[in-house]
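Student: Got a sequence here, can you model it:
(one chain, ligands or ions: 1)
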Amino acid sequence: MHELGLVNYAVKEVSKIAEQNNVSRIKSVTLEFGEVSGIVTDYLYDYWNWYSKKFPMFEDSTLYCEEIPAVTWCDNCKIQYSTVAYGKTCPHCGSGRTWLLRGNEMRIKSIEVYDSDDASSADGGDIEASGEYKPQ
Ligand SMILES: [Zn+2]
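Tutor: Residues are numbered from 1 along each chain as shown. Model (predicted):
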């Protein structure tokens, strides 16, 4: 179960980015993760709730998760295909010389923040994040 490590990583990265941008309160964080990363989103939401109670910066913040479709590359035909539909064997030539192009990663896609002038304002700003986490 690497969800806890992942949320821990996301919280640390978001805190770092928030500090650099003089942001004191986070409204929401959107995480993108690969279709075959094995991440269970229910755990992510649970851990996120726990962190949001522990750190004032994340109080009342919302976590959103988006999926990145998994894509495999066939070295024989030089094409890409859907990993989930066909696995490690290329559906075009039957070759096993394939590897995962994407679908096993997690990254922080965006961070929404409360207006620093009025913390109760519903209008948040957006920060483009670039943090990326590679599950073991
Ligand atoms: Zn092929």
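Student: Now find how far off-centre the helix or strand harbouring Cys65 is within its chain.
Tutor: For Cys65, the element it lies in under DSSP states H and E is strand 62-68. Strand 62-68 sits 6 Å away from the centroid of its parent chain (C-alpha atoms, centre = their mean, to the nearest Å).
Student: quick one: average pLDDT of that strand?
Tutor: Mean pLDDT, strand 62-68: 96.
Student: Quick check: next helix or strand after it?
Tutor: Counting by DSSP H and E, what follows strand 62-68 is strand 71-74.
Student: Give the buried residues for the strand holding Cys65.
Tutor: By neighbour count on 16 or more other C-beta atoms under 10 Å, the buried set for strand 62-68 is 63, 65, 68. To be clear about C-beta, it is placed using only N, CA and C from the backbone, and glycine gets the same treatment.
Student: Show me which of the residues you listed is closest to the ion.
Tutor: Ile68 (22.2 Å; C-beta to the ion).
Student: Show the contacting residues for the closest one.
Tutor: Taking C-beta atoms under 8 Å, 6 or more residues apart in numbering, we find Ile68 in contact with 32-35, 102-103, 105.
Student: out of those, which are buried?
Tutor: Looks like the contacts of Ile68 have 32-35, 102-103, 105 buried, using 16+ other C-beta under 10 Å.
Student: for the spatially most distant residue from the centre of the chain, helix, strand, or coil?
Tutor: Residue farthest from the centre of the chain, counting by C-alpha atoms, centre = their mean, is Cys93 at 33.0 Å. Following DSSP: H, G, I helix; E, B strand; the rest coil, Cys93 is assigned to coil.
Student: hey, where'd the strands end up in this structure?
Tutor: Assigned by DSSP state E, the strands in the chain fall at 26-34, 62-68, 71-74, 79-82, 98-102, 106-114, 124-128, 132-133.
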